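**Q** okay, here's the prediction I keep looking at, along with the sequence it came from:
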Amino acid sequence: IGFSMGASIVLRHAALCSALPGGTRPDAVVSVSAPARWWSRETAPMRRVHWLLEQPHGKLAARAIGVRLGESWVQAPESPLEVVARITPTPLLIVHGDLDHYFSQEHAKSLHRASLGHAELWIEPGMRHAESAATPDLVDRMAAWIAGEIEQ
């Protein structure tokens, strides 16, 4: 299970593990509030994130507020959208809030489409972004989904 950028990482990890000969597949994958592609600037919060990442004075500002930024990619890795279909047959749940202020619902819907119908998609009413918006009820439902998929 991963939230936000971690959600994109679990998608990539599951796809890469599945592609390796003898690779160990995860039992199930849950992606919450994932971006479908890199460099998304469609919302004000993401434009601010990119300003921090791309501007020399942005990196200084980030450091001043305690945000650690790594080095830029030499070559961008494949996006979650490019790899999600490789997760099949591992059970995949994509969860996204309809009020997510970082990534629109279209990110979740495009990941679902790119999974070629393999993934289950939950658009959560009233939910904003990632773990800070995950209610105890949602966490319980995700845990029950995982348990149910592992038992099958």
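**A** In hand now; what should we look at?

**Q** only C-alpha atoms from now on, for both contacts and neighbour counts.
**A** OK.

**Q** geometric centre of this protein: which residue is closest?
**A** Of all residues in the chain, the one closest to the mean position by Cα atoms, centre = their mean is residue 34, 2.3 Å from it.

**Q** quick check: phi and psi on that residue?
**A** When quoted as degrees, to the nearest 10, the phi and psi of residue 34 stand at phi -80, psi 140.

**Q** might one say that it is in contact with residue 5?
**A** Yes. The pair residue 34 / residue 5 is scored as a contact, 6.2 Å apart, by Cα atoms under 8 Å.

**Q** quick one: residue 106 from residue 94, how far?
**A** 12 Å (Cα to Cα, to the nearest Å).

**Q** compare those two (neighbour count), which wins?
**A** residue 94 (22 against 13; other Cα atoms under 10 Å).

**Q** please name the bridge partners of the more buried one.
**A** residue 31, residue 121 (DSSP bridges).

**Q** change the start of the numbering to 8 and stick with it
**A** Shifting the count to begin at 8 puts that one at residue 101.

**Q** distance of it relative to residue 142?
**A** Where residue 142 is concerned, residue 101 sits at a distance of 16 Å (Cα to Cα).

**Q** pull out the buried positions in stretch 114-121.
**A** 114-116, 118-121 (16 or more other Cα atoms under 10 Å).

**Q** turn those residues into a markdown table, including secondary structure, distance to residue 147 and pLDDT.
**A** Below are the buried residues of stretch 114-121 laid out as a markdown table (DSSP: H, G, I helix; E, B strand; the rest coil; distance: Cα to Cα, whole Å; pLDDT from 0 to 100):
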| residue | secondary structure | distance to residue 147 | pLDDT |
| --- | --- | --- | --- |
| 114 | helix | 24 | 97 |
| 115 | helix | 20 | 98 |
| 116 | helix | 23 | 98 |
| 118 | helix | 23 | 98 |
| 119 | helix | 22 | 98 |
| 120 | helix | 26 | 97 |
| 121 | helix | 27 | 97 |
